[in-house]
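[1] Show me how the following folds:
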Amino acid sequence: MDKISRITVSTPFEVGDVHIYVLAGEALSLIDAGAKTKASWEALTSQLKEIGYHPNDIEQIILTHHHPDHIGLIEQFSNAERIVAHPNVNYWLTLDEQYVEHYLHFFQEYFKACSIPEVFYPALEQLKATLQYVGKGELTDILTEGDALPGHPDWKVIDTKGHAQSHLSFLREQDQLLIGGDHVLKHISSNPIVEPPELGRPMKDRPKPLLQYRKNLKKCADLGIKKILSSHGEVVDNPRQLIFNRLKKQEERADFVYQILIKNGGKRTPFEICTELFPKQYKEQISLTMSETIGQLDYLESKQLVSKSMIDGKLFYEAADIDK
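    The predicted structure follows:
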């Protein structure tokens with residue numbers, strides 16, 4: 001059975017430290033690679049040494065998803081012949097110009113459609129600023145649901161989209177151990193983050209991350225997983241109850257959004273709803289709070305509890321007339 005070691009490094013992000021896992025089997029692999037900072041690199045090399053390895057010993061890097069605190073140091077491992085992940089990760093490792101332009105254009109249109117005031121538009125620049133923490137490289141192999149990890153045949157790939165459109169987790173069925181990235185965290189609920197649709201598709205075809213996230217949480221609950229090694233915070237033991245608690249809290253939050261719409265009556269913009277759902281946090285975290293708001297609206301729409309309309313390029317939601 002593969003030996004697993006955990007390394008913890010700092011990040012420049014509010015989420016705090018991130019865990020990197022060293023998997024020793026037929027290959028010596030890193031699962032995730034921190035953020036691209038000097039402090040992270042020094043911590044990573046120091047902790048590798050403590051468990052008997054040098055960066056040149058790493059043969060491959062396996063990535064759970066594309067966020068900067070997971071892919072930043074990939075270029076530091078000169079002997080890593082493989083970089084393996086969901087295909088969408090490659091857009092970020094190569095900083096594909098067409099995709100980055102598509103990504104930023106989507107958010108410009110998304111902010112306008114949600115009626116977010118221009119005072120919050122500097123948040124779009126913050127999205128670009130995080131690219132400085134991304135490592136440069138290119139995938140050598142791609143992973144999809146059901147694949148075995150190269151060099152680690154006991155580990156099976158589980159598609160866990162929601163927090164990111166590239167998110168994968170890795171399950172060892174022998175002992176029902178999951179390396180779960182940001183899919184399930186013990187201390188906080190992962191934020192299902194809005195992302196653009198596929199290249200060439202209109203904004204209305206964007207993914208619905210909260211619906212994906214709920215589906216994949218339920219899938220993990222049904223798999224009988226006994227332990228999750230997460231990317232942030234503590235190990236999650238017997239996660240089934242935690243998962244159901246998270247699902248319930250999401251439903252309670254969606255009901256709160258529904259009550260906002262009932263109380264106010266008429267059409268409301270996503271930004272207006274966001275300010276009521278997150279009256280303090282939205283000013284400092286407009287992107288995350290809007291992602292959460294849109295997620296709840298997607299959920300309510302899937303239950304036919306709200307109706308959505310586009311008027312002069314602006315999105316509006318209202319409580320559905322369920323008596324019709």
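
[2] and the lowest-mean-pLDDT helix or strand in the chain, C-alpha only, in PDB?
    Every helix and strand in the chain was compared by mean pLDDT, DSSP states H and E; the lowest is helix 122-129, with a mean of 85. Below are the C-alpha coordinates for helix 122-129, written out as PDB (Å, rounded to 0.1, in the frame of the first residue of the first chain):
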ATOM      1  CA  PRO A 122     -11.400  46.500  -9.000                       C
ATOM      2  CA  ALA A 123     -12.200  42.900  -7.900                       C
ATOM      3  CA  LEU A 124     -11.700  41.900 -11.500                       C
ATOM      4  CA  GLU A 125      -8.100  43.200 -11.300                       C
ATOM      5  CA  GLN A 126      -7.600  41.000  -8.200                       C
ATOM      6  CA  LEU A 127      -8.600  38.000 -10.300                       C
ATOM      7  CA  LYS A 128      -5.700  38.800 -12.700                       C
ATOM      8  CA  ALA A 129      -3.400  39.500  -9.800                       C
END
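
[3] Flag every buried residue along that helix.
    Counting neighbours by 16 or more other C-beta atoms under 10 Å, one finds that the buried residues in helix 122-129 are 123, 124. The C-beta positions use only the backbone N, C-alpha and C, and glycine is treated the same way.

[4] Residue 52: how many residues sit nearby?
    Residue 52 sits with 10 neighbouring residues when counted by other C-beta atoms under 10 Å.

[5] Could you check how far it is from residue 115?
    56 Å (C-beta to C-beta, to the nearest Å).

[6] Identify the residues contacting the least confident helix or strand of the chain?
    Helix 122-129 is contacted from outside by 103, 104, 107, 108, 111, 286, 287, using C-beta atoms under 8 Å, 6 or more residues apart in numbering.

[7] Not counting sequence-adjacent ones, nearest residue to residue 103?
    residue 196 (5.4 Å; C-beta to C-beta, 6 or more residues apart in numbering).

[8] Quick one, grab the pLDDT at that neighbour.
    The model reports residue 196 with a pLDDT of 95.

[9] Assumed it was part of a strand.
    No: assigned with DSSP: H, G, I helix; E, B strand; the rest coil, residue 196 falls outside any strand and is coil.

[10] That one contacts residue 101, correct?
    No: between residue 196 and residue 101 there is no contact under C-beta atoms under 8 Å: 10.6 Å.

[11] quick one: which of those two has more around it?
    Higher neighbour count among residue 196 and residue 101: residue 196, with 20 against 11, using other C-beta under 10 Å.

[12] residue contacts, the more buried one?
    Going by C-beta under 8 Å, 6+ apart, residue 196 touches 102, 103, 106, 107, 203, 206.

[13] mind listing which of those residues are in helices?
    Judged by DSSP state H, helices contain the following of the contacts of residue 196: 102, 103, 106, 107.

[14] filter these to the buried ones?
    Buried members of these, scored by 16+ other C-beta under 10 Å, are 102, 103, 106, 107.

[15] Farthest pair within the residues you listed?
    Using C-beta to C-beta, these span at most 10.0 Å, a distance reached by 102 and 107.

[16] Let me see the domain layout of the protein.
    The chain breaks down by automatic domain parsing into domains covering 3-95+130-244, 246-319.

[17] Pick the most buried one from those domains.
    domain 3-95+130-244 (a mean of 19; mean count of other C-beta atoms under 10 Å).

[18] For the stretch 101-250 of the chain, which segments count as strands?
    Secondary structure of the stretch 101-250 of the chain (DSSP state E, counting those that start in this stretch): strands at 141-142, 148-149, 152-159, 168-172, 177-181, 227-230, 236-237.

[19] Thank you kindly, that will do.
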